[in-house]
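[1] My questions concern the predicted model and sequence given below.
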Amino acid sequence: MKALILNSGLGSRMGVLTSEHPKCMTEITSKDTILSRQLKQIVEAGITEVVMTTGAFDEVLVEYCNGLDLPIHFTFVKNPLYAETNYIYSIYCAKEYLMDDDIVLMHGDLVFDNLVFDKVLSSETSCMTTSSTIPLPEKDFKAVIEKGKITKVGIEYFDSAMSAQPLYKILLKDWKIWLDNIIDFCKNDNRKCYAENAFNQVSDRCSIYPLDVKDMLCNEIDNPEDLAMVSEKVNELENKTVYMSFSTDMVHSGHIDIIKKAKKLGKLIIGVLSDEAVASYKRYPLMPFSERKVMFENISGVHKVVEQKTLSYKENLEMLKPDYVVHGDDWVAGFQKPIRDEVVSTLATYGGELVEFPYTHSEKLKVLEQRSRAELSLPHMRRARLKKVIEMKGTISAMEAHSGLTGLIVEDTVVYQNGEARQFDAMWISSLCDSTAKGKPDIELVDMTSRFRTIDDIMEVTTKPIIFDGDTGGLTEHFVYTVKTLERMGVSMVIIEDKTGLKKNSLFGTEVQQTQDSIPNFCEKIKAGKKAQKTKDFMICARIESLILEQGMEDALERAFAFAGAGADAVMIHSRKKDPSEIFEFVENFRAKDKTTPIVVVPTSFNTVTEEEFKDRGVNIVIYANQLTRTAFPAMQNAAKLILENHRAKECDDICMPFKDIITLIPEDN
Ligand code: SPV
Ligand code: MG
């Protein structure tokens, strides 16, 4: 596509404004002339070839264009008879440069909105800008429209006509017909009329369609009054603000494309999602907010970057009141729909507008996402992330996983509520569920090699941080090796319980014989573990069994303070009572003296308490320790019974996940 700009005219109606340079060099804002604005719009559209006809002050004009230093190749063609001919003859003079490509044709005194230019360029047919809302002008161009096509353009037509502006996109096939007739006109010395007179004779073959731009800015500047009016409109347009929100930590060409479109609407403000919002909605960001902010600040044309603390735009829209919000049209349905609905209603409160561009699924993005997932799953990245997420959110949730498949469920399950996304922050590798999956009792019978194998299976297909149930930790001499191995694998935290001898599951409480370790012994184990670890990221959590073994609150608290003092990075308090009051009492008393050591709870019995309430009370990690195993087990047992009862699988099929769905659980490439 080439741009053809007609700048041969004298512009005498502009008075002194055109006494030293052509009209197109008249300033319309403090930073642009009519021409520099047009040329920048041309560059933004990716057009690099401009044919410009010149006349009076042609040297001034050529020097000016070259001095703008734009990535444009200019072909200047002077109309030697500019004083006594019209632009039909200027086009004739430039004909040899206009025979090989589609063209966008504009008069040199035309000022138009970026959106108008976008519409013109994206038209699939040849088109001319018209307006159905502006009254028919007395002296300017009007286009006669018949059966949806333009049949005549001129100042004399009033019937079936719309006001029209000389901004065209003309496909080569149509242009050839029009240009041929322009050539014929000029050869017959018909050089004083409009080029449109030549079009009017061939409009049955040269198909140009009206492109209705309604009230959008698309005006010629003929006199100082036009100049004042258009300048005001351009200033207004340039002061509009546009808001977009981004969660990405990798900018690719798709993002740049939409940013380019957005900034044509005005000053672009980008809301960068907070780390917490990104983590809740897709995955832990590879780059923290501060770095993502700098990245966007350095994209050309971005006016300002602000933080968007939640997936909801509301707070920022109410604060910034942007004229436009720009987004891909992929949120019209699906989980982002409530967010979109809220944007629409918030914009409606002050007259803002939502602009949606077609969303393009990018293969590149898929590859980048895969790469970032791979990176997040690397041991050092995964290990360090638990501490970071606790710091970021205050309170996090972990869900039990005991295999690759359950790991994937914890990794990928997301629910969307009122525009908020919720997912688990970490995985708990429970001794109970790991043992149960192997059909074994939870008595430290499944050895560490086998437990590590489970971790490995899960790690191979997931990225979320892992909290490992280390039972009693075994002998201190053994525990130090366990710590080293877990740390090397990329596990973030091991929780060891202050029991000794044959361990039984805590949920049996005092129904079975269980022995609590002495405070000094257990402190020694913690100290040895802390000494064995190599990085500062790995955490050892001391689990206190005093309430389970009915040793009283005082004992529990004494142990908690002693274990934290011995270097434990967190304490876990356990209870098998339905009533959460003893847990709350512990948390309150512990927090009275220790404000920072993270507290972990496993609300299997006291399951009515919400994560929000735990957070308010000062709990930092909430572990759902066994629910996947406990729901899967009865479902599997039921399936087995149904087949046995019916001597076939048909009845069981109704409660089975369709095979095609089970396949989608497994990602193609991890
Ligand atoms: C586990 O999940 O193995 C635990 C938690 O240790 S509990 O079963 O509640 O003791
Ligand atoms: Mg356990």
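    Done, it's in. Ligands and ions are numbered 1, 2, ... in the order given.
[2] any weak-confidence spans in this protein?
    Counting by pLDDT under 70, the chain has low-confidence residues at 11-18, 419, 668-670.
[3] what does it put close to ligand 1?
    430, 431, 432, 442, 469, 505, 506, 507, 602, 604, 625, 626 (C-beta under 6 Å from any ligand atom). Using the backbone N, CA and C atoms, a C-beta is placed for each residue, glycine as well.
[4] Can you tell me how far residue 554 is from residue 545?
    For residue 554, the distance to residue 545 (C-beta to C-beta, to the nearest Å) stands at 14 Å.
[5] For the two, indicate the residue with more neighbours.
    residue 545 (26 against 10; other C-beta atoms under 10 Å).
[6] Turn the residues of the chain next to ligand 1 into a markdown table, columns for secondary structure and neighbour count.
    Listed next are those as a markdown table, based on DSSP: H, G, I helix; E, B strand; the rest coil; neighbours: other C-beta atoms under 10 Å:
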| residue | secondary structure | neighbour count |
| --- | --- | --- |
| 430 | coil | 28 |
| 431 | helix | 24 |
| 432 | helix | 21 |
| 442 | coil | 21 |
| 469 | strand | 23 |
| 505 | coil | 20 |
| 506 | helix | 23 |
| 507 | helix | 16 |
| 602 | coil | 27 |
| 604 | coil | 18 |
| 625 | coil | 22 |
| 626 | coil | 21 |
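[7] which of those come close to ligand 2?
    Among those, the residues within reach of ligand 2 (C-beta under 5 Å from the ion) are 431, 432, 469.
[8] Excluding chain neighbours, what is closest to the first one?
    What it means is residue 431. With sequence-adjacent residues excluded and distances taken as C-beta to C-beta, 6 or more residues apart in numbering, residue 431 is closest to residue 469, at 4.4 Å.
[9] for the second one, same thing?
    Nearest residue to residue 432 in three dimensions, chain neighbours excluded: residue 442, at 4.4 Å (C-beta to C-beta, 6+ apart).
[10] show me what contacts that neighbour?
    With contacts taken as C-beta atoms under 8 Å, 6 or more residues apart in numbering, residue 442 has the following neighbours: 431, 432, 435, 436, 503, 504, 505.
[11] mind putting those residues in JSON lines, distance to residue 317 included?
    Formatted as JSON lines, the contacts of residue 442 follow (distance: C-beta to C-beta, whole Å):
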{"residue": "431", "distance to residue 317": "49"}
{"residue": "432", "distance to residue 317": "48"}
{"residue": "435", "distance to residue 317": "52"}
{"residue": "436", "distance to residue 317": "50"}
{"residue": "503", "distance to residue 317": "55"}
{"residue": "504", "distance to residue 317": "56"}
{"residue": "505", "distance to residue 317": "51"}
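[12] Tell me which two of those residues sit farthest apart.
    436 and 503 (15.1 Å; C-beta to C-beta).
[13] And the strands in the stretch 251-400 of the chain?
    267-273, 302-308, 324-328, 353-357, 396-400 (DSSP state E, counting those that start in this stretch).
[14] hmm, who's touching the first one?
    This points to strand 267-273. 238-247, 259, 262, 281, 289, 292-293, 296, 301-308, 311, 313, 316, 320, 322.
[15] follow-up on the earlier one: from residue 506, how far off is the residue nearest to residue 431?
    For residue 469, the distance to residue 506 - C-beta to C-beta - is 11 Å.
[16] just residue 616 next, same as before
    For residue 616, the distance to residue 506 - C-beta to C-beta - is 25 Å.
[17] just residue 112 next, same as before
    For residue 112, the distance to residue 506 - C-beta to C-beta - is 74 Å.
[18] cool, and residue 213?
    72 Å.
[19] how many neighbours does residue 579 have?
    Residue 579: 11 neighbours (other C-beta under 10 Å).
[20] Identify the residues contacting it.
    residue 606.
[21] repeat that for 10 Å
    Residues in contact with residue 579 (C-beta atoms under 10 Å, 6 or more residues apart in numbering) are 605, 606, 608.
[22] ok, and the closest non-adjacent residue to the first one?
    Counting by C-beta to C-beta, 6+ apart, residue 605 lies nearest to residue 576, which is 4.9 Å off, once chain neighbours are set aside.
[23] which residues do residue 469 and residue 506 both contact?
    Common neighbours of residue 469 and residue 506 (C-beta under 10 Å, 6+ apart) are 432, 442, 497, 543, 602, 625.
[24] quick one, phi/psi of the last one?
    When read as degrees, to the nearest 10, the backbone of residue 625 gives phi -80, psi -20.
[25] check contacts around it.
    So residue 625 contacts 398-400, 428, 430-433, 469, 506-507, 574, 602-604 (C-beta under 10 Å, 6+ apart).
[26] Out of those, which comes closest to residue 418?
    Of all the contacts of residue 625, residue 399 has the smallest distance to residue 418: 21.9 Å, by C-beta to C-beta.
[27] That closest one contacts residue 412, doesn't it?
    No. Counting by C-beta atoms under 10 Å, residue 399 does not reach residue 412; the two are 11.4 Å apart.
[28] now the residue nearest to residue 330 when sequence neighbours are not counted: how far from ligand 1?
    The shortest distance from residue 330 to any non-neighbouring residue, by C-beta to C-beta, 6+ apart, is to residue 359 (3.7 Å). Distance of residue 359 to ligand 1, given as C-beta to the nearest ligand atom, to the nearest Å: 43 Å.
[29] and residue 359, how many residues sit next to it?
    14.
[30] ok, it - contacts?
    Neighbouring residues of residue 359 by C-beta under 10 Å, 6+ apart: 254, 258, 327, 328, 329, 330, 331, 332.
[31] residue contacts, residue 343?
    With C-beta under 10 Å, 6+ apart, residue 343 has these contacts: 243, 245, 312-314, 317, 325, 327, 331, 336, 352, 354, 419.
[32] among the residues you listed, which are in helices?
    Using DSSP state H, 314, 317 are the members of the contacts of residue 343 that sit in helices.
[33] If you rank the contacts of residue 343 by neighbours, which is first?
    residue 243 (28 neighbours).
[34] so what's that residue bridging to?
    Beta-bridge partners for residue 243, by DSSP bridges, are residue 269, residue 325.
[35] where's it relative to residue 543, distance?
    48 Å.
[36] and the residue lying closest to residue 146 once chain neighbours are set aside, backbone torsions?
    Spatial nearest neighbour of residue 146, excluding adjacent residues (C-beta to C-beta, 6+ apart): residue 160 at 6.4 Å. As for residue 160, its main-chain torsions (degrees, to the nearest 10) stand at phi 50, psi 40.
[37] how about residue 160, what does it touch?
    142, 143, 144, 145, 146, 151, 152.
[38] Which helix or strand contains the fourth one?
    Read that as residue 145. strand 142-146 (DSSP states H and E).
[39] again, but for the last one
    Counting by DSSP H and E, the element that carries residue 152 is strand 149-154.
[40] what's across from the closest residue to ligand 1 within the stretch 251-400 of the chain in the sheet?
    Using C-beta to the nearest ligand atom, residue 400 is the residue of the stretch 251-400 of the chain that sits closest to ligand 1, at 6.6 Å. Counting by DSSP bridges, residue 400 forms beta bridges with residue 428.
[41] cool, residue 356 as well?
    residue 327.
[42] ok, and the closest non-adjacent residue to whatever residue of the stretch 201-350 of the chain ends up closest to ligand 2?
    Here the stretch 201-350 of the chain gets closest to ligand 2 at one residue, residue 284, 26.2 Å apart by C-beta to the ion. Nearest residue to residue 284, sequence neighbours excluded (C-beta to C-beta, 6+ apart): residue 385, at 5.7 Å.
[43] I figured the one you found hits residue 279, correct?
    Yes. Using C-beta under 10 Å, residue 385 makes contact with residue 279 at a distance of 9.4 Å.
[44] which helix of the protein spans the most residues?
    The chain, longest helix under DSSP H: helix 627-646.
[45] angle of that one against strand 396-400?
    If you take axes from the mean of the first three to the mean of the last three C-alpha atoms, to 10 degrees, helix 627-646 sits at 30 degrees to strand 396-400.
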